[in-house]
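Give me a 3D structure for the following:
(chains A and B)
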Amino acid sequence: MHKTNLTKILFVVPCVFALVMVILVPFFFGLYYSTTNWNGVSEDIKYIGFVHYQEVINQPDFLYSFLITIVFTVINVVLVNIVGFILALIVTANLRLRNFYRAGFFTPYLIGGIVLGYIWQFLFNSTLPALGKLIGIPLLQTSFLSHANTVIWAMSAVNTWQYAGYIMLIFVAAIQGIPPELMEAAMVDGAGYFRRTFKILIPMMANSFTISLFLTLTTSFKQFDMNFTLTRGGPATRFMGEPVKASQLLAMDIFNTAQANLMAEAQAKAVILFVALVIVSLIQVSVNRKKEVEL
Amino acid sequence: MKRGHPVWSVVSEILVFLVFVLFLVPFIMVVINSAKTSKDIIFDPLAMPADWGQLVTNVRLIFSNSTVHYANAFLDSTIITVLSLAVIVLFSAMCAWALERTKTRWSNLLYFAFVAAMVIPFQVLMFPLVRWMKVLGGFLHIQLLQSIPGIVFAYLGFGCPLSIFVFYGFIKNIPYELEESATIDGCSQARTFFQIVFPLLQPIIITVLILNGIWIWNDYLLPLLMLGSNGAVQTIPIAVTAFAGAYLKQWDLILTSALIAMLPIIVLYIFAQRYIIKGMVEGAVKG
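Have a look, this model is predicted:
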């Protein structure tokens, strides 16, 4: 009965057409453009080889962006998952308002990075300094966004606040899937709260950690919106003897490079981002799957 | 589970409540500062507003602003989101069904292409896409840049891989016998899909709607590149950035505009909370 017929061919046409036109063609053009002199203005696009790749990997601002993107990703994979896990424990505990809490913790995710970036810019630049003055803590009185060594942490705090609620939802689903008899049996056997959490709950949730780590890894690595409206890449700092933007993550570096009409160079950076992302996520998923089997 | 000691349970209730309030402080700050004048915010961003009437004044200022047309942006965002969701759901469901119910080398290859496309980050595609849409639009005599049909088409392309993947997994578990008996009764393939399969997809359609809806409504880069920051068609995130760019550091107006941008989602969330949470979880676990 599984025979291809005209109706089914017609059914796949719209999506296949969109896939080819919106993703596949631009993807292959993108690979090609990274090896050309494309500048967004001239229509005369010529192949020039891997010149941009060589340029880019020697550029302090690109290397710096790459480096802080990795730092940002590591911080966020750890923070978002830990906070998300704690939130999941809170909303699955025996609390009166747990459903209300669950809904509330997820709200930041719905708002989107652009609007959140402005809100937190206000919090970091106005509210926290005012609070610092009020209760007399000098540390709070200058904005965390104005120092090169605190800005990544400020961005991580916002990112964690935004994504922890989403990761929480995934963990909650996993926790609710664990048979309650298992936890009760451990309790009868005298296992304390922390022992139950670490020896039963976490191993039983292994599958959801693969998902949550993958999601936090890829979203942090590609972060743009919140970066764009919270810091715009600032403040300035120095790296390899050159002035660079202290909080300019890779996605924003690519965007700004293209804004300066260095289209081919931006494209080369984007291809590097793509390759790095594929390698990192393949490693993460395979390591996690192995861990899942062991547990 | 057993409840702990009563004192401990009261303490943990209070503790969690405080954590929750702290978590929501950013939203509280937006609301109280949207009801102040710029001077009041600089003077003390932590104070409660002296007069909540200022909130109405600020909202009026934003809607009557000449640089950014919020009402239009809201309308455009709604049209783009609704149209994109409609084509994504319809075409992805059709495609997933056709691919799942056909077992040939071609159907497997196509399915693999959709799954593989999910790995490609937007950053690699965005600039060539804009250039290509211009060329393609010229060739087809359709304006694809700075137009609603163009961006809806782009959203179909970016949204369909994950949606097909989610539908495919769901359709796999629908017994084939249902369709088989319909075919024997003389029902055409298209009618079988629309009258028998499509209604059965309802729970997963909600998941697909939520996943894509949150993304499209909040998306910034694709509208920025395809519609432009000052074009005739504007979405809410673009209006917010244009506004914040024009009124640098005027927090009374920026925060009020942020509040206006957030409000529709929050209201929708209050009414459709159960579906949104369920949709997000299923989307993540399956995707």
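
alpha carbons only for contacts and neighbour counts from here, please
OK.

May I ask you to confirm that residue A:45 belongs to a strand?
No: counting by DSSP: H, G, I helix; E, B strand; the rest coil, one finds residue A:45 to be coil, located in no strand.

helix/strand/coil for the spatially closest residue to it that is not a sequence neighbour?
Excluding its sequence neighbours, the residue lying closest to residue A:45 (Cα to Cα, 6 or more residues apart in numbering or on different chains) is residue A:38, at 5.4 Å. The local conformation at residue A:38, judged by three-state DSSP, is coil.

can you count the residues close to residue A:38?
23 (other Cα atoms under 10 Å in any protein chain shown).

Look up how far chain B lies from it.
10 Å (Cα to the nearest Cα, to the nearest Å).

mind listing what that residue touches?
Each residue near residue A:38 by Cα atoms under 8 Å, 6 or more residues apart in numbering or on different chains is listed here: A:44, A:45, A:46, A:262, A:263, A:264.

Now do the contacts for the nearest residue to the fifth one once chain neighbours are set aside.
Residue nearest to residue A:263 in three dimensions, not counting chain neighbours: residue A:39, with 4.9 Å by Cα to Cα, 6+ apart. With contacts defined as Cα under 8 Å, 6+ apart, residue A:39 is in contact with A:261, A:262, A:263, A:264.

Need the buried ones from the residues you listed selected in ChimeraX.
Those of the contacts of residue A:39 that count as buried under 16 or more other Cα atoms under 10 Å in any protein chain shown are selected in ChimeraX with:
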select /A:262,263,264
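
where in the chain is pLDDT low?
Here I'm looking at chain A. Applying pLDDT under 70 to chain A flags residues A:1-4, A:294-295.

Oops, wrong one, chain B.
Checking chain B against pLDDT under 70 turns up B:1-4, B:286-287.

Quick one: the helices in it, in order.
Taking DSSP state H to define them, one finds helices in chain B at B:6-34, B:38-43, B:53-63, B:70-100, B:105-117, B:122-140, B:148-171, B:177-184, B:189-191, B:198-200, B:202-218, B:221-227, B:236-246, B:251-286.

hey, which of the ones you listed is tucked in deepest?
helix B:148-171 (a mean of 23; mean count of other Cα atoms under 10 Å in any protein chain shown).

counting contacts, what elements does it pack onto?
Applying 3 or more Cα pairs under 8 Å, 6 or more residues apart in numbering or on different chains; DSSP states H and E, we find helix B:148-171 packed against helix A:6-18, helix B:70-100, helix B:105-117, helix B:202-218, helix B:221-227.

Grab the CA positions of the third one and hand them over as CSV.
As requested, C-alpha coordinates have been extracted for helix B:105-117 and formatted as CSV (Å, rounded to 0.1, in the frame of the first residue of the first chain):
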residue,chain,number,x,y,z
ARG,B,105,14.7,6.1,-0.8
TRP,B,106,13.5,9.6,-1.9
SER,B,107,11.2,10.0,1.1
ASN,B,108,14.0,9.0,3.5
LEU,B,109,16.4,11.4,1.8
LEU,B,110,14.0,14.3,2.0
TYR,B,111,13.2,13.6,5.7
PHE,B,112,17.0,13.5,6.4
ALA,B,113,17.4,16.9,4.6
PHE,B,114,14.8,18.5,6.8
VAL,B,115,16.4,17.1,10.0
ALA,B,116,19.9,18.1,8.8
ALA,B,117,18.7,21.6,8.1
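
Tell me the buried residues in the host helix or strand of residue A:185?
Residue A:185 is located in helix A:180-188, with elements delineated by DSSP states H and E. Buried residues in helix A:180-188, defined by neighbour count with 16+ other Cα under 10 Å: A:183, A:186, A:187.

Leaving out sequence neighbours, find the closest residue to the second one.
In this structure, residue A:186 finds its nearest non-sequential neighbour in residue A:196, 6.8 Å apart by Cα to Cα, 6+ apart.

and the gap between that neighbour and chain B?
13 Å.

Tell me how many other residues surround that residue.
Residue A:196 has 17 neighbours, counted by other Cα under 10 Å.

what helix or strand is it on?
Per DSSP H and E: residue A:196 is located in helix A:193-196.

I'd like the distance from the next helix or strand after that helix to the chain centre, please.
Scanning forward in sequence from helix A:193-196 by DSSP H and E, the next helix or strand is helix A:202-204. Here the centre of helix A:202-204 is set off from its chain's centre by 24 Å, with Cα atoms, centre = their mean, to the nearest Å.

Go through the buried residues of helix A:180-188 and name the one nearest residue B:277.
Nearest to residue B:277 among the buried residues of helix A:180-188: residue A:183, at 25.3 Å, using Cα to Cα.

any idea how far that closest one is from residue A:93?
13 Å (Cα to Cα, to the nearest Å).

do residue B:153 as well
Taking Cα to Cα, one finds residue B:153 at 45 Å from residue A:93.

Report the angle between the helix or strand harbouring residue A:162 and helix B:251-286.
Assessed by DSSP H and E, residue A:162 sits inside helix A:148-176. Angle, helix A:148-176 to helix B:251-286, by axes from the mean of the first three to the mean of the last three Cα atoms, to 10 degrees: 40 degrees.

quick one, helix A:148-176 and helix B:6-34 angle?
Using the same axes, to 10 degrees: helix A:148-176 against helix B:6-34 is 130 degrees.

just checking, what packs against helix A:148-176?
helix A:60-92, helix A:98-111, helix A:206-221, helix A:225-230, helix B:251-286.

which helices and strands does the fourth one pack with?
Based on contacts counted as 3+ Cα pairs under 8 Å, 6+ apart, the elements that helix A:225-230 packs against are helix A:113-122, helix A:148-176.

May I have the residues that are in contact with the closest residue to chain B within the stretch 151-295 of chain A?
Of all residues in the stretch 151-295 of chain A, the one sitting closest to chain B is residue A:270 (5.0 Å; Cα to the nearest Cα). By Cα under 8 Å, 6+ apart, the contact set of residue A:270 is A:251, A:254, B:123, B:124.
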